[in-house]
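A.B. asks: could you work out the structure for the sequence below:
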Amino acid sequence: MGKWFSNSGKQGLAHQISIHSGELDINLRKEFESLVLGDAPYKGIGTYLVHREMTGIHCACWNDTRGSSSNCKYCKGESFTWTEKWVRAWFTQTYGRSLTGGTQLHELRPEGIFDKDKAIAYVPAEYKPATGDALFRIRLNAEGKPYYPIERVEKWRCVNVEDRRQENGELAFWLVLCERAEF
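C.D. replies: Have a look, this model is predicted:
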């Protein structure tokens, strides 16, 4: 005996709760994807980013004594080879939150504390960000779509990656703590 409840009387965008035999049946992964990626006719709150995923293989410019070349045309100073892919995530620089470590992420700090060099990205479960990867904020048009050719405006290094899971242990989304990096 299931019944649907909704804030607006419509069935859509993360406002539905299904009750089956007295228990809440909420799929956090679907709710996250609906909120960030959208659910027709809603577009979602996510923004387009470029995810640079490090392969763990040193670039040809790598030298054990001096590291990598900052002007290498292959790795662009990353020291490792990498691949890039699009990711649509919710990216935020939080005001009054502790960004000292992933475990203290949701502790509130006194008003007025804002670290412009730290941010949090909430990434869908299908991606696998890792510590050391990079996220690039890119120039978007008024509709939130990327300009071509892609213009990178900010580089953020992933310093801590945590998984967020549902009650059944299934991965719901990734929480990525980022620090601004020069590029």
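A.B. asks: quick one: the strands in this protein?
C.D. replies: Secondary structure of the chain (DSSP state E): strands located at 2-5, 17-20, 23-25, 47-58, 80-92, 118-124, 134-138, 152-165, 171-181.
A.B. asks: rank the ones you listed by mean pLDDT and give me the bottom one.
C.D. replies: Lowest mean pLDDT of the strands of the chain: strand 2-5, a mean of 38.
A.B. asks: any chance of the strands of the chain in CSV, plus mean neighbour count and distance to D39?
C.D. replies: For the C-beta atoms, the positions are set from N, CA and C on the backbone; glycine is no exception. Formatted as CSV, the strands of the chain follow (neighbours: other Cβ atoms under 10 Å; distance: least, Cβ to Cβ, whole Å):
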stretch, mean neighbour count, distance to D39
strand 2-5, 9, 15
strand 17-20, 12, 15
strand 23-25, 9, 17
strand 47-58, 17, 17
strand 80-92, 16, 13
strand 118-124, 21, 13
strand 134-138, 20, 24
strand 152-165, 16, 19
strand 171-181, 20, 15
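A.B. asks: relative to L35, which of the ones you listed is closest?
C.D. replies: strand 80-92 (7.9 Å; Cβ to Cβ).
A.B. asks: what lines up beside the closest one in the sheet?
C.D. replies: Here strand 80-92 is paired, per DSSP bridges, with strand 47-58 (antiparallel), strand 118-124 (antiparallel).
A.B. asks: angle of the shortest one against strand 134-138?
C.D. replies: Note on geometry: by axes from the mean of the first three to the mean of the last three Cα atoms, to 10 degrees, strand 118-124 and strand 134-138 are set 90 degrees apart in direction.
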